[in-house]
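# no letters, just coordinates:
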């Protein structure tokens, strides 16, 4: 089975989550754990970097839906960035651009958070 | 039948005893006072017969019980105390109730005769019981058949008893002396057969040591009292010289036996502990086999393992410590708190990260930094790695408090045991896994069955639309759903959807979707309206992680038009005049947003259909079908295939697409459901000539009119 892992990097009040590998029904729990620990630690400003993600399935998309409400209730947001064209198409088909802010680079997403303050 | 026979035999033994005792009673009370030599010998034989029948009856009685040597010895002690009391106080008691007993003994009155008989009989019964206990002790834990020694001894004891009367004839007394001597010799020899004490644990040996001193002293005292010329001796001699001698011999036996027992036990005591441990190891071998039967329940197994671990290495506490994905888990902690065990686990884990050792090892806790945090002062650990498939799964830990150490034997015992424990744990885990796997497979069977029942059994036959649909389920049930709705005479609706997630939960959402769209199409026919309503209904049941991509289309036969709304689904393909058009009206997936964003953003497009237009619905199972290099089948290959066969009927096109996908993926397994629905618009049929008209069905003729 294909591998998937995440790494979290703190930059000021923003948490940057790097995704790596295949995100599907079998690996979605890894990302879920990452998000829960961020939320549990009151880190609601989250930028997700998709640069190293090669595939995402519907179950993977579901993880973002599971946390967005809680994050936004707490004044934060999950911003998505650096998607490959293929991954973006999947998000796009489902209408995610209407629900999430998607940026070309991680930097733009961080900048957006900083502008807000 | 057999049971009856058995009780019958039992009765016979009791009856024999009662019979013999009765004869003895009659003889002693009514005839014996007249003393003649043959009469006396007859009396002696009668007495010994009574003893024999009583012993036989006792054997029967004892055989129903499991014999513990210590309780047998205790019995002996009690009987001895009774005998002691009888012998010591008989004189004064008799004198209290009867006058001049000593003088009248040769010629007692009727009452005295009966009392004397009862007294003697009590002694007889006690002696018989003592004899029986000796017999049981003798045969205890004897492996070889040694009954010949014992039987010889019995013969000589009987001979010595029967010839006791000869003491009145000094010139022949060598006969009885010889028998007595041989008897005592045999007694000494037989008293050496006391291997049973080796099987006692140390504690039992200590109590046996004390008991044997007390009992051998009691025997000696009773022997002296018995043979001294007190009233007791006189009564017994009067009753039967043989019984008198028999009881003497039994007491000699007791004195010798228990003296030997005392010394042997004394010498066994220093090695008792080592012997105990060996015995423990042997019995823990029995536990090992118990492990095998307990693999069905992992927690029970863990409990048993720690329980045995404390026994095999004489530890005060034991627990299992499993390493699972960097998590240290304490299991089945025995005699130790969970917090203490967890603290020690971290200590072991830190130490063992650097030192990879094989086999059991001993750790002293004096270098343990957090030793102050432990609620109990543990000082030493014996740690056995649990290894399965050459991989370290955890440790079996035993701990001792200050003042107790683990020696090499403890270490090797734990080492051996941990090997068994590892195997048992691994087996239990594998079993659990296979049960879980079977459960999942059953669950997936159910999910596939639900899916099969939900999807349309056949495609509708319509005049102006030829339809083909292909559905290939993935092993894990991908949650694809499609359906057709003949809304009215001229309106035909269709849906294609993909539920996020897999398995039974996806199958349930599919079932719900079918219900929702079946009912919505009864009332509404605008695709946008239907999807907005469906989203509202789903809000109540979908969990936050689950969503549904869907596309709903409506074909108006009369107008020759197609309306489509798309809620996050793959584009609907319109293939017209050799050009592939991906129709992708804006829309968010069902369940992703329940607010205005969903309804406001959702578009509905309308297109006028042209002759031979192909409308193609699909799920991402097609475009994301992967080959062994994990490359996607992709949009371009899909479109290329469609273009290549666009002039064919929908059935043929669908078939070709599936063949292409199969060729592409080769042997790589299918991860997601594959759904492909193709419509071809055939409006022309209306304006065709007489030939087609003839071929139309009755129903469609009506429709055309």
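Thanks, I have the structure now. On a predicted model such as this, the values are computed, not experimentally measured, just so you know.

# from here on, just use CA atoms for contacts and neighbour counts.
OK.

# please name the nearest non-neighbouring residue to residue B:226.
residue B:233 (5.9 Å; C-alpha to C-alpha, 6 or more residues apart in numbering or on different chains).

# show me what contacts residue 87?
I went with chain A, as the question did not name one. A:53, A:54, A:55, A:56 (C-alpha atoms under 8 Å, 6 or more residues apart in numbering or on different chains).

# if you could check chain B rather than the one you did, that'd help
Contacts for residue B:87 (C-alpha under 8 Å, 6+ apart) come out as B:222, B:225, B:226, B:232.

# now name the helix or strand holding the nearest residue to the second one once chain neighbours are set aside.
Take residue B:225 and drop its neighbours on the chain: the residue closest to it by C-alpha to C-alpha, 6+ apart is residue B:87, 6.8 Å away. According to DSSP states H and E, residue B:87 maps onto helix B:69-97.

# can you pull the buried residues of that helix?
If you call a residue buried by 16 or more other C-alpha atoms under 10 Å in any protein chain shown, then helix B:69-97 has these buried ones: B:69-70, B:72-74, B:76-77, B:79-81, B:83-84, B:86-88, B:90-91, B:94.

# quick one: average pLDDT of stretch B:532-552?
In this model, stretch B:532-552 has a mean pLDDT of 92.

# what's the answer for stretch B:666-680, then?
The model assigns stretch B:666-680 a mean pLDDT of 89.

# equivalent analysis for stretch B:402-411, please.
On average, the pLDDT along stretch B:402-411 is 82.

# any idea how far that stretch is from the middle of the chain?
Remark: stretch B:402-411 is offset 30 Å from the chain centroid, using C-alpha atoms, centre = their mean, to the nearest Å.

# now do the same end-to-end measure for it.
Between the opening and closing residues of stretch B:402-411 lies a distance of 17 Å (C-alpha to C-alpha, to the nearest Å).

# now that stretch: buried residues?
Buried residues in stretch B:402-411, counting neighbours by 16+ other C-alpha under 10 Å, are found at B:405, B:406, B:410, B:411.

# please apply the same query to stretch A:40-58.
For stretch A:40-58, by 16+ other C-alpha under 10 Å, it's A:43-58.

# same thing with stretch B:456-465?
B:463, B:464, B:465.

# the second one contacts residue B:555, correct?
No: in this structure, residue B:464 sits apart from residue B:555 without contact. The criterion is C-alpha atoms under 8 Å, and the distance is 10.4 Å.

# need phi/psi at the closest residue to chain A within the stretch 501-650 of chain B.
When scored by C-alpha to the nearest C-alpha, the stretch 501-650 of chain B has residue B:568 as its residue closest to chain A, at 3.5 Å. Dihedral pair for residue B:568: phi 70, psi 0, per degrees, to the nearest 10.

# residue B:616 too?
Dihedral angles for residue B:616 - degrees, to the nearest 10 - are phi -120, psi 120.

# that one bridge partners, please.
Beta-bridge partners recorded for residue B:616 (DSSP bridges): residue B:573, residue B:678.

# any chance of the contacts of residue A:87 in JSON lines, with secondary structure and distance to residue B:311 too?
Formatted as JSON lines, those follow (DSSP: H, G, I helix; E, B strand; the rest coil; distance: C-alpha to C-alpha, whole Å):
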{"residue": "A:53", "secondary structure": "strand", "distance to residue B:311": "54"}
{"residue": "A:54", "secondary structure": "strand", "distance to residue B:311": "55"}
{"residue": "A:55", "secondary structure": "strand", "distance to residue B:311": "54"}
{"residue": "A:56", "secondary structure": "strand", "distance to residue B:311": "54"}
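
# report pLDDT for the nearest residue to the residue of the stretch 501-650 of chain B closest to chain A once chain neighbours are set aside.
Distance criterion C-alpha to C-alpha, 6+ apart; nearest residue to residue B:568, sequence neighbours excluded, is residue A:94 at 3.5 Å. Note for residue A:94: predicted pLDDT of 91.

# show me what counts as buried in the helix or strand that residue B:553 is a member of.
Taking DSSP H and E as the definition, residue B:553 sits inside strand B:548-556. Under the neighbour-count criterion of 16+ other C-alpha under 10 Å, strand B:548-556 has B:548, B:549, B:550, B:551, B:552, B:553, B:554, B:555, B:556 buried.

# just give the closest residue to the residue positioned nearest the centre of chain B, not the sequence neighbours.
Geometric centre of chain B, nearest residue: residue B:294, 3.2 Å, by C-alpha atoms, centre = their mean. Spatial nearest neighbour of residue B:294, excluding adjacent residues (C-alpha to C-alpha, 6+ apart): residue B:301 at 5.4 Å.

# try residue A:32
residue A:63 is the one closest to residue A:32 (C-alpha to C-alpha, 6+ apart), at 6.1 Å.

# residues in contact with the helix or strand harbouring the one you found?
According to DSSP H and E, residue A:63 maps onto helix A:58-73. For helix A:58-73, contacts defined as C-alpha under 8 Å, 6+ apart pick out A:23-25, A:27-28, A:31-32, A:35, A:39, A:44-45, A:77-78, A:91, B:500-501, B:544-547, B:592.

# these in helices, which ones?
Those of these mapping onto helices are A:28, A:31, A:32, A:35, A:39, A:91, per DSSP state H.

# can you pull the contacts of the last one?
By that I understand residue A:91. A:61, A:97.

# could you redo the last one with a cut-off of 10 Å?
By C-alpha atoms under 10 Å, 6 or more residues apart in numbering or on different chains, the contact set of residue A:91 is A:56, A:57, A:58, A:61, A:83, A:85, A:97, A:98, A:100, A:102, B:568, B:588.

# sorry, back to before: which pair in the ones in helices among the contacts of helix A:58-73 spans the largest distance?
Largest separation among the ones in helices among the contacts of helix A:58-73 by C-alpha to C-alpha: A:39 and A:91, giving 22.9 Å.

# what residues does the nearest residue to residue B:17 once chain neighbours are set aside make contact with?
Spatial nearest neighbour of residue B:17, excluding adjacent residues (C-alpha to C-alpha, 6+ apart): residue B:53 at 5.0 Å. Residues in contact with residue B:53 (C-alpha under 10 Å, 6+ apart) are B:13, B:14, B:15, B:16, B:17, B:18, B:19, B:20, B:21, B:47, B:59, B:128.

# what's the answer for residue B:673, then?
Residue B:673 neighbours (C-alpha under 10 Å, 6+ apart): B:471-481, B:498, B:502, B:619-622, B:625.

# next one: it from residue B:597, what distance?
29 Å.

# just confirm residue A:78 contacts residue A:45, I think it does.
Yes: counting by C-alpha atoms under 10 Å, residue A:45 is a contact partner of residue A:78 at 6.5 Å.

# got any residues that touch both of those two?
A:15, A:16, A:71, A:72.

# before we move on, the earlier item: what's the ChimeraX line that selects buried ones from the contacts of residue A:91?
In ChimeraX, this line selects whichever of the contacts of residue A:91 come out buried by 16+ other C-alpha under 10 Å:
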select /A:56,57,58,61,83,98,102 /B:568,588
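
# redo the contacts of residue A:91 as JSON lines? Include distance to residue B:426.
Below are the contacts of residue A:91 laid out as JSON lines (distance: C-alpha to C-alpha, whole Å):
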{"residue": "A:56", "distance to residue B:426": "35"}
{"residue": "A:57", "distance to residue B:426": "34"}
{"residue": "A:58", "distance to residue B:426": "35"}
{"residue": "A:61", "distance to residue B:426": "36"}
{"residue": "A:83", "distance to residue B:426": "43"}
{"residue": "A:85", "distance to residue B:426": "46"}
{"residue": "A:97", "distance to residue B:426": "49"}
{"residue": "A:98", "distance to residue B:426": "50"}
{"residue": "A:100", "distance to residue B:426": "47"}
{"residue": "A:102", "distance to residue B:426": "47"}
{"residue": "B:568", "distance to residue B:426": "46"}
{"residue": "B:588", "distance to residue B:426": "48"}
